[in-house]
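1. What shape does this take:
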Amino acid sequence: MPVSDTVEQQEQPWNRRRLRSTNERLLLDRLRDSGAASRAQLARDTGLSKPTVSSALASLEAAGLVREAGTHAPERGRTAVLYAPDPAAGYALGVDIGRSWLRVAVVDLDGTVAARADVRNRARASAALAELVVGTARQVVENSGVDPAEVVHGVVGTPGVYDERRRRVRYAMHLPGWGRTGIVDRMREELGVPLEVHNDANLAALGEYTYGVGEGSRLFAYILIGTGLGMGVVSEGRLFTGAHGLAGEIGFLPWPGRQKPERLEDAVSGVAVVESARRFGMSGQLTAKAVFDAARRGDPAAARAVELEGERIAHTVAAAAAVLDPDLVVLGGGVGHSVDLLLRPVREHVRALTPLRPRIVPSRLGEDAVLLGAVATALDTARDVVFERRTAGT
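-> Numbering: from 1, shown residues only. Alright, predicted model coming up:
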């Protein structure tokens, strides 16, 4: 409901400051959600009086949180000044740590990228990887031209799950030593930026919800298929992480292997595609991309490997459909680049496996899903931090 400036106020200065801050935040959120507006439009949208709107806008402008953004000349009446949030009031940092690539971006409060770097992850020890993250992030901030003090919050996406109590990442099997206690603390200290750490599949799901095909979905699952396997679940716009942050760790589900039971991650991944291709007769130095490229050229062994991968992904989708009842399943990650080959076998096998029929689509964000999810998550906090800092004591 709109904040009413006719509410009876007590005379204590603290109460007046709190109401003023509430009104300012209401206006700032309205401008961020719906775009530039005049004083009169803001008064109509929020229910605040025109004098209250004028006073709040003056305070926000003095704090560097809003700026004039042009004018509007109606058919009748005076030309009105338009106001919009100042995106340069603060900045956020997003980091995507993968086994093969490290991606880092600095964005303003509108989410516009000020600078970005994508570098090969050749680190084979946790200390080296932490050094790479810190060094790359510093370089990106320097390249952006932003004062490092204006970067107020950062979010890191990583395989595994961050244990806040033990202050370490768990279950990141593909990043050697990454579960060592103190690694995240070291990055926070050296960067001088508050850092949150989240599972990469969860962030990819948030990225796809915010910027991609998940927008408007009531409940969707993002299945990240790359070096490993993970799933992020977004319900009503909010990430579902479970009681211990482990929801979506579908790679741990059992899978009936040829010699002994395996984990689902061993069957549904880029590595599994290569292993299948070799078993069907391909040779040489193979990668998942090489197998998919060969399948496009009509190589029979590669085509069989892709078909098998589609069947295995279908089991993953069927399990997610049975437990979550999503209206949408998004396929992403490294293997997601070849969804053009996988969609047919996945959909066909899902129809054979289950009467449940979620819509199955490829990721719109591709390799940027985790990074954009990190950026979106960092922005939520950065906007709060900047508002509190710039309005403190006013």
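2. dump the residue contacts of S38.
-> Counting by C-beta atoms under 8 Å, 6 or more residues apart in numbering, S38 touches H72, A80, V81, L82, Y83. Heads up, the C-betas are built off the backbone N, CA and C, glycines and all.
3. same question, E68
-> By C-beta under 8 Å, 6+ apart, the contact set of E68 is E61, V81, L82, Y83.
4. Swap in 6 Å and give it another go.
-> V81 (C-beta atoms under 6 Å, 6 or more residues apart in numbering).
5. sorry, back to before: which of the contacts of S38 ranks first by neighbour count?
-> Y83 (24 neighbours; other C-beta atoms under 10 Å).
6. For it, pull up the helix or strand it's in.
-> strand 80-85 (DSSP states H and E).
7. Show me what that strand is packed up against.
-> Judged by 3 or more C-beta pairs under 6 Å, 6 or more residues apart in numbering; DSSP states H and E, the packing partners of strand 80-85 are helix 13-34, strand 66-72.
8. other SSEs contacting the next helix or strand along the chain from that strand?
-> Proceeding N to C from strand 80-85, the next assigned helix or strand is strand 91-97, under DSSP H and E. In terms of contacts (3+ C-beta pairs under 6 Å, 6+ apart), strand 91-97 is packed against strand 101-108, strand 151-158, helix 369-391.
9. Output the ones you listed as TSV; include the columns mean pLDDT.
-> What follows is the helices and strands packed on strand 91-97, written out as TSV (pLDDT from 0 to 100):
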stretch	mean pLDDT
strand 101-108	97
strand 151-158	97
helix 369-391	96
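10. and among these, the most buried is which?
-> The highest mean neighbour count among the helices and strands packed on strand 91-97, using mean count of other C-beta atoms under 10 Å, belongs to strand 151-158: a mean of 26.
11. partners of the very next helix or strand once past that strand, with directions?
-> The helix or strand immediately downstream of strand 151-158 is strand 161-163, counting by DSSP H and E. Using DSSP bridges, strand 161-163 pairs in its sheet with strand 168-170 (antiparallel).
12. Relative to D29, which of the contacts of S38 is nearest.
-> D29 lies nearest to Y83 out of those, by C-beta to C-beta, at 13.1 Å.
13. least reliable of the helices and strands packed on strand 80-85 going by mean pLDDT?
-> Among the helices and strands packed on strand 80-85, helix 13-34 carries the lowest mean pLDDT, at a mean of 86.
14. immediately after that helix, which helix or strand?
-> helix 39-46.
15. And whichever helix or strand comes after that next one, what's buried?
-> Downstream of helix 39-46, the first helix or strand assigned by DSSP H and E is helix 50-62. Under the neighbour-count criterion of 16 or more other C-beta atoms under 10 Å, helix 50-62 has T52, V53, S55, A56, L57, S59, L60 buried.
16. And for stretch 62-80?
-> So stretch 62-80, judged by 16+ other C-beta under 10 Å, has buried residues A63, L65, V66, R67, A80.
17. Nearest to G35 among the contacts of S38?
-> For the contacts of S38, the nearest to G35 is L82 (8.9 Å; C-beta to C-beta).
18. Backbone dihedrals for the closest residue to the closest one other than its chain neighbours, please?
-> Using C-beta to C-beta, 6 or more residues apart in numbering and skipping residues adjacent in sequence, the residue nearest L82 is A36, 4.3 Å away. Main-chain dihedrals, A36, degrees, to the nearest 10: phi -60, psi 150.
19. I am assuming A36 contacts V81, so please confirm or correct that.
-> No. In this structure A36 lies outside contact range of V81 using C-beta atoms under 6 Å: 9.7 Å.
20. avg pLDDT for the helix of greatest length in the chain?
-> When the chain is scanned for its longest helix (criterion: DSSP state H), the result is helix 300-324. Computed over helix 300-324, the mean pLDDT rounds to 94.
21. buried ones in it?
-> 301-321, 324.
22. go on, stretch 350-358?
-> V350, L353, T354, P358.
23. can you tell me the distance between the two ends of that stretch?
-> Start-to-end span of stretch 350-358 (C-alpha to C-alpha, to the nearest Å) is 9 Å.
24. neighbouring contacts of that stretch?
-> With contacts defined as C-beta under 6 Å, 6+ apart, stretch 350-358 is touched by A314, V317, A318, A321, P326, V329.
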